[in-house]
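Trainee: Starting from these lines, generate the structure:
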Amino acid sequence: MKQVPVVLHVDLPGIPLYRRGKVRELFDLGDHLLLVATDRISAFDVVLPNGIPGKGIVLTQLSAFWFEWFGPTIHSHYLTTELPPEVSAYRSVLDGRSMVVRKATRIPIECVARGYLAGSAWAEYQATGTVSGLRLPAGLRESERLPEPIFTPAIKAEEGHDENISFVELVDRVGEDLAHELRDRTLEIYSKAERYARERGIIIADTKLEFGWIDGKLAVIDELLTPDSSRFWDADRYAPGHSQPSFDKQFVRDWLLASGWEKRPPAPELPPDVVEKTAEKYREAYRRLTGRPVPFLET
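Mentor: Sure thing, here's the model as predicted:
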């Protein structure tokens with residue numbers, strides 16, 4: 001695997017910082033924003049002390065692939081991955097991990113589509129037989145495909161864990177019309193991408209989307225269908241009844257759980273073999289979904 005430096009923080013002197021998230025940093029370009037994906041990795045809503053080399057490039061390039069694949073069928077904030085002149089002096093750190101996006105008024109809701117029973121949904125189902133207030137059939141196994149994809153919203157937290165809510169609670173927060181539109185668009189995007197990915201040997205078990213308002217229209221913002229925002233499973237090795245081999249950060253989550261960490265800061269440092277294997281899983285997800293090597297990392 002090609003060795004690349006790990007980028008944990010990005011500072012662009014002379015370019016105002018707009019917002020810093022767990023993984024991404026946004027810089028104000030006036031009418032637009034520069035969205036930069038670092039190599040930071042978070043698990044259980046805690047940022048880990050060491051990053052995954054090239055991860056930000058994979059996230060940016062895969063998001064760009066999906067935005068371009070959906071094209072005009074979805075309204076989004078995405079404009080281009082070409083660097084504008086005002087930041088060209090920082091090309092060495094920005095190339096591959098940056099995209100120019102439209103400014104949006106963010107809706108503070110995580111819009112999650114689930115086609116399979118995994119993660120927190122599996123834990124809730126075991127305890128109550130429901131997921132986000134939705135009653136599911138009895139007797140489902142871990143990782144089992146659901147009769148049809150479901151929408152499970154959550155309140156997006158600036159710090160700490162996001163909180164799952166029911167659709168009724170979502171209606172109370174954003175109104176009935178917007179709640180239905182968020183649900184319908186999330187499930188439509190998930191279903192189209194899930195069919196495409198399955199043909200390329202990847203199961204998208206679930207994914208989370210963010211939306212915002214741009215010029216009065218609902219738009220997809222932030223990342224789209226990446227290993228950070230989705231569970232990607234190997235279709236050839238899929239077998240319900242247990243957790244699945246994945247191409248996302250589940251490998252990191254599993255190591256953290258086995259380490260005895262209690263999911264509170266500070267998180268332990270990932271060992272080199274976990275870092276290397278995780279980096280390769282991210283790259284393989286890109287290669288399988290796009291059919292080409294990762295730009296800036298493998299070309």
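
Trainee: Residue 245 and residue 237 touch, don't they?
Mentor: Yes. Under the criterion of Cβ atoms under 8 Å, residue 245 makes contact with residue 237 at 5.1 Å. (Each C-beta comes from the backbone N, C-alpha and C, glycine too.)

Trainee: More neighbours: those two, which one.
Mentor: Just comparing residue 245 and residue 237: by other Cβ atoms under 10 Å the higher neighbour count belongs to residue 245, 14 against 11.

Trainee: Which parts of this structure are helices?
Mentor: With helices called from DSSP state H, the chain shows them at 55-70, 91-94, 119-128, 167-174, 176-198, 250-259, 272-290.

Trainee: per-stretch mean pLDDT over those helices, give me the minimum one.
Mentor: Looking over those, mean pLDDT reaches its minimum on helix 250-259, with a mean of 89.

Trainee: how about it as CSV, C-alpha atoms only?
Mentor: The C-alpha trace of helix 250-259 is given here as CSV (Å, rounded to 0.1, in the frame of the first residue of the first chain):
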residue,chain,number,x,y,z
GLN,A,250,-16.3,-1.4,12.0
PHE,A,251,-12.9,-3.0,12.1
VAL,A,252,-11.8,-0.1,14.4
ARG,A,253,-15.0,-0.3,16.5
ASP,A,254,-14.4,-4.0,17.0
TRP,A,255,-10.8,-3.4,18.1
LEU,A,256,-11.8,-0.7,20.5
LEU,A,257,-14.5,-2.9,22.1
ALA,A,258,-12.1,-5.7,22.5
SER,A,259,-9.6,-3.3,24.1
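
Trainee: Need the contact partners of that helix.
Mentor: Outside helix 250-259, the residues that touch it by Cβ atoms under 8 Å, 6 or more residues apart in numbering are 41, 43-44, 48, 231, 243, 263, 267-268, 270-271, 274, 277-278, 281.

Trainee: closest to residue 203 among these?
Mentor: Minimum distance to residue 203 across those is 8.2 Å, recorded for residue 231 (Cβ to Cβ).

Trainee: so how far is residue 69 from that closest one?
Mentor: 19 Å (Cβ to Cβ, to the nearest Å).

Trainee: Taking the centroid of the chain, which residue is nearest it?
Mentor: Closest to where the C-alpha atoms of the chain average out (Cα atoms, centre = their mean) is residue 229, at 1.7 Å.

Trainee: Tell me the pLDDT of that residue.
Mentor: Note on residue 229: pLDDT of 95.

Trainee: so who does it touch?
Mentor: Residue 229 makes contact with 207-209, 222-223 under the criterion Cβ under 8 Å, 6+ apart.

Trainee: And for residue 286?
Mentor: In this structure, residue 286 makes contact with 58, 61-62, 65, 294, judged by Cβ under 8 Å, 6+ apart.

Trainee: rerun that using 10 Å as the cut-off
Mentor: With contacts defined as Cβ atoms under 10 Å, 6 or more residues apart in numbering, residue 286 is in contact with 54, 57-59, 61-62, 65, 226-227, 247, 292-295, 297-298.

Trainee: one step back: would you mind checking the contacts of helix 250-259 for buried ones?
Mentor: Neighbour-count burial (16 or more other Cβ atoms under 10 Å) is assigned, among these, to 41, 43-44, 48, 231, 267, 270, 274, 278, 281.
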